[in-house]
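**Student:** structure of the sequence below:
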Amino acid sequence: MADSSATAFPPVLTLKEASTLLRIPPPTLHELLNAGAIQSYRVGRRRYIPGESAAAFINNLTRTTADSQPVEERAQ
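**Tutor:** Next comes the predicted model:
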């Protein structure tokens, strides 16, 4: 069975579309791409993000946030 969160994204996103859907500013998206946190590919001079990569990024954030301790507990 396919991951239901993957259906929330089109199969391929432009950088502008990804920035809008992920609700992050374009410079932050570029930083994430350069760091390898989100996969992308180039066709000529254009850069595209697979929808699965955007969904995986969100799922990873969700898991990381759920696994982390509340701030109050970390301070002790």
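
**Student:** other residues contacting stretch 45-57?
**Tutor:** If you take CB atoms under 8 Å, 6 or more residues apart in numbering as the criterion, stretch 45-57 is touched by 3, 5-6, 8-15, 18, 21-22, 32-33, 37-42. Placement of C-beta: from N, CA and C, glycine included.

**Student:** for the protein, which segments count as helices?
**Tutor:** Ranges of helices within the chain are 15-22, 26-35, 51-67, 71-75, based on DSSP state H.

**Student:** quick one, phi psi at R45?
**Tutor:** phi -90, psi -10 (degrees, to the nearest 10).

**Student:** what about it, how many residues nearby?
**Tutor:** 5 (other CB atoms under 10 Å).

**Student:** what separation do you get for it and L15?
**Tutor:** 12 Å (CB to CB, to the nearest Å).

**Student:** buried ones in stretch 34-41, by neighbour count?
**Tutor:** In terms of neighbour count (16 or more other CB atoms under 10 Å), stretch 34-41 has its buried residues at 38, 40.

**Student:** CA-only coordinates of that stretch in PDB, if you can.
**Tutor:** What follows is stretch 34-41, C-alpha atoms only, in PDB (Å, rounded to 0.1, in the frame of the first residue of the first chain):
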ATOM      1  CA  ASN A  34      22.200  22.100  -1.100                       C
ATOM      2  CA  ALA A  35      22.400  20.200   2.200                       C
ATOM      3  CA  GLY A  36      20.800  17.100   0.600                       C
ATOM      4  CA  ALA A  37      17.800  17.200   2.900                       C
ATOM      5  CA  ILE A  38      15.500  17.200  -0.100                       C
ATOM      6  CA  GLN A  39      16.400  15.400  -3.300                       C
ATOM      7  CA  SER A  40      16.200  17.200  -6.700                       C
ATOM      8  CA  TYR A  41      17.300  16.700 -10.300                       C
END
